[in-house]
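[1] this is a predicted model, with the sequence first.
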Amino acid sequence: MKKINLAITGCMGRMGQQLIKSSKNFKEFKLVALTENRIINKKINGVRPQFNTVDAFNKANVIIDFTVPKCTLQILNIAAKLKKKVVIGTTGFSKKEELFIKKISKKIPILKAGNMSLGVNLLMYLTEITSRSLGKNFLYKIYEVHHNKKKDYPSGTALMLGNGIAVGKNKNFSNMIGKKYLNKKNFPYGKKINFNSIRRGNVIGEHIVKFSSGKELVTLNHVSFDRALYSEGALTASKWLMKKKPGLYSMRDLLNFK
């Protein structure tokens with residue numbers, strides 16, 4: 001079977017390192033390119049890291065990107081020129097940047113997810129169902145915890161879950177966003193979705209969605225114990241994306257959740 005030539009961006013970051021490690025367990029892939037925003041004077045798994053350039057990505061079939069929005073947009077411009085497929089795990093995009101990603105997806109296949117975990121994407125699906133099923137007297141809030149190196153908040157996953165609440169209510173998510181708290185011990189429910197983000201230690205990820213009527217409480221939650229679940233999800237997404245035409249896809253498309 002012909003190997004899938006893989007490029008990993010941000011190769012010295014937490015997810016970059018985890019992707020390199022996990023890719024060894026996926027026989028379908030051949031690691032051909034690693035990129036970083038600084039000079040790395042050593043080979044990693046036989047590959048010397050480069051900057052994000054046409055030459056760096058030329059031999060790749062698919063690029064997996066867990067970096068920062070500015071870097072992701074740079075990579076997408078190059079990928080569009082080379083007609084390469086891209087899996088995006090980067091979070092924290094502005095509305096303008098999201099529109100740019102949609103524009104590029106008309107040229108190349110892109111799978112973008114705020115979280116690559118099967119469990120988290122199931123949680124989002126259940127959040128939609130719960131939101132749709134519960135009455136108007138229920139208020140909501142979302143709590144999330146990540147390691148203290150994570151800069152953006154709320155996390156991409158928390159925003160995904162917030163969007164799940166909005167979809168369940170058949171409302172526009174941007175109109176339902178409430179207050180965004182950081183490192184608060186307590187925070188209120190609301191008719192709009194309030195978020196509380198905790199940044200501490202080396203926590204990989206925890207997300208809780210709560211619905212309360214004042215008389216009863218419904219809680220949905222997910223806890224990540226191993227960062228490999230994200231890298232393995234991204235590699236699975238890369239395999240799936242190989243057969244797709246240009247378009248913007250999600251893990252929900254891969255998992256075939258209706």
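    Ah, there it is. The model shown is predicted, which means the values in this text are computed figures rather than measured ones.

[2] could you find the closest non-adjacent residue to the residue positioned nearest the centre of the chain?
    With distances taken as CA atoms, centre = their mean, the residue of the chain nearest its centroid is Gly114 (2.4 Å). Distance criterion CB to CB, 6 or more residues apart in numbering; nearest residue to Gly114, sequence neighbours excluded, is Gly156 at 2.9 Å. The C-beta positions use only the backbone N, C-alpha and C, and glycine is treated the same way.

[3] that neighbour touches Gly92, doesn't it?
    Yes - contact criterion CB atoms under 8 Å: Gly156 and Gly92 qualify, at 6.9 Å.

[4] neighbouring contacts of stretch 217-235?
    Contacts with stretch 217-235, where a contact means CB atoms under 8 Å, 6 or more residues apart in numbering, come from 14-15, 18-19, 21-23, 25-26, 29, 64, 66, 87, 89, 113, 115-120, 123, 126-127, 130, 134, 138, 204-212, 251.

[5] in it, which residues are buried?
    By 16 or more other CB atoms under 10 Å, the buried positions in stretch 217-235 come out as 220, 222, 224, 227, 229-235.

[6] and the residue nearest to Lys30 when sequence neighbours are not counted, how far from Lys59?
    The shortest distance from Lys30 to any residue other than its chain neighbours is 4.0 Å, reached at Lys3 (CB to CB, 6+ apart). Distance of Lys3 to Lys59, given as CB to CB, to the nearest Å: 11 Å.

[7] helices or strands up against the one helix or strand Val120 maps to?
    Using DSSP states H and E, Val120 falls within helix 118-133. Contacts defined by 3 or more CB pairs under 8 Å, 6 or more residues apart in numbering; DSSP states H and E place helix 118-133 against helix 156-168, strand 205-212, strand 217-224, helix 228-241, helix 251-255.

[8] tilt between the third one and helix 156-168?
    Using axes from the mean of the first three to the mean of the last three CA atoms, to 10 degrees, the direction of strand 217-224 lies 140 degrees away from that of helix 156-168.

[9] partner strands of strand 217-224, parallel or antiparallel?
    Paired with strand 217-224 in the same sheet, following DSSP bridges, are strand 205-212 (antiparallel).
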